[in-house]
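Asks: Okay, here's the prediction I keep looking at, along with the sequence it came from:
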Amino acid sequence: MNQDKLKEQVAHEAVNDIQDNMIVGLGTGSTMYYAIQRLGERVKDGLNIKGIPTSEQTAKWAQQYGIPLTDFSEVSHLDIVIDGADEIDGNFQLIKGGGGALLREKIVANATDQFIVIVDESKYVKTLGKFKLPVEVIPFGWEVAAREIEALGCEATLRVGKDGTFLSDNGHYILDCDFKEIHNPEKLNQDLISIIGVVETGLFINMVQKVLISYSNPEKIIAL
Ligand code: 5RP
């Protein structure tokens, strides 16, 4: 089974957890696309929920599939948040931000006690770090922040989009940081966040309540 099919299956499984009257955090990325599509079908069938999107792209998809949206001016707690990840380890620590939405994703994940991560088997790793860690930084003086980040033991590359330097939905830059292996994600997150100019990191530490992983051979979805 190809990776897209695995993403679709795990996304559909997660949407089964959503019940009437929930406020739902909607993550970002290609796995979430399938969740939004499926959730839209359930809304069409009468499910009454409101979503909080973690990116402009997710907001567009949600509107396209008829999911009513709200924001933090109306709610402060989310009943459930569903999101993908770039890597997850056995302690449920994550690397996120491949799609550049890590800041809003972390704000939304922090506002629930039901953060569900949906991944295909390729994202479940023994040690984090093969995927370059996204770090969101303020554009002014980003070079200084990048040097300080590199002093922690990585190569930091400024993310480029199709129209030049990539800008997050918040107007910031993203540095993709190649640490190779991250053995102490909690400490690295603290070290990074203490650098002036760093807005947020793609390390999601001790935030996850449930993980769904789809496997192809044999075909199955495991809930952890
Ligand atoms: C976006 C993210 C995504 O959740 C992550 O990149 C996974 O994306 P995909 O489902 O497309 O593999 O963190 O900022």
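Replies: On my side now, so go ahead.
Asks: mean confidence for stretch 160-180?
Replies: Stretch 160-180 carries an average pLDDT of 97.
Asks: how far out from the middle of the chain is that stretch?
Replies: Using CA atoms, centre = their mean, to the nearest Å, the mean C-alpha position of stretch 160-180 is found 15 Å from that of the whole chain.
Asks: is the ligand contacted by it?
Replies: No - Stretch 160-180 stays clear of the ligand (CB under 6 Å from any ligand atom), getting no nearer than 9.1 Å. All C-beta atoms are positioned from the backbone trio N, CA, C, and that covers glycine.
Asks: now for the worst-scoring helix or strand of the chain on mean pLDDT, which elements pack on it?
Replies: Ranked by mean pLDDT, DSSP states H and E, the helix or strand of the chain with the weakest confidence is strand 219-223, at a mean of 90. Of the remaining helices and strands, those touching strand 219-223 by 3 or more CB pairs under 8 Å, 6 or more residues apart in numbering; DSSP states H and E are helix 3-15, strand 210-216.
Asks: neighbouring contacts of it?
Replies: Residues outside strand 219-223 that contact it (CB atoms under 8 Å, 6 or more residues apart in numbering) are 1, 9-10, 13, 210-215.
Asks: just the CA coordinates of it, formatted as CSV?
Replies: Taking Å, rounded to 0.1, in the frame of the first residue of the first chain, the C-alpha atoms of strand 219-223 are listed here in CSV:
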residue,chain,number,x,y,z
GLU,A,219,-2.2,-3.9,6.9
LYS,A,220,-3.3,-2.5,10.3
ILE,A,221,-3.7,0.6,12.5
ILE,A,222,-2.1,0.5,15.9
ALA,A,223,-3.3,2.8,18.7
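Asks: Same question for that strand: list its buried residues.
Replies: For strand 219-223, burial by neighbour count (16 or more other CB atoms under 10 Å) applies to Ile221.
Asks: circling back to that earlier point, and the contacts of strand 219-223, which are buried?
Replies: Buried subset of the contacts of strand 219-223 (neighbour count, 16+ other CB under 10 Å): 9-10, 13, 210-215.
Asks: Out of those, flag the one nearest to the ligand.
Replies: Using CB to the nearest ligand atom, Val10 is the member of the buried ones among the contacts of strand 219-223 that sits closest to the ligand, with 9.7 Å.
Asks: That closest one contacts Val211, correct?
Replies: No - using CB atoms under 8 Å as the test, Val10 is too far from Val211 to be in contact (9.7 Å).
Asks: Now do the shared contacts for the two.
Replies: By CB under 8 Å, 6+ apart, the residues touching both Val10 and Val211 are 118-119.
Asks: So which elements touch the helix ranked longest in the chain?
Replies: Counting by DSSP state H, the longest helix found in the chain is helix 30-44. The criterion is 3+ CB pairs under 8 Å, 6+ apart, and the helices and strands that helix 30-44 contacts are helix 3-15, strand 23-26, helix 56-64, strand 80-83, strand 115-120.
Asks: between these, which one is nearest to Val144?
Replies: Closest to Val144 of the helices and strands packed on helix 30-44 is helix 56-64 (CB to CB; 28.5 Å).
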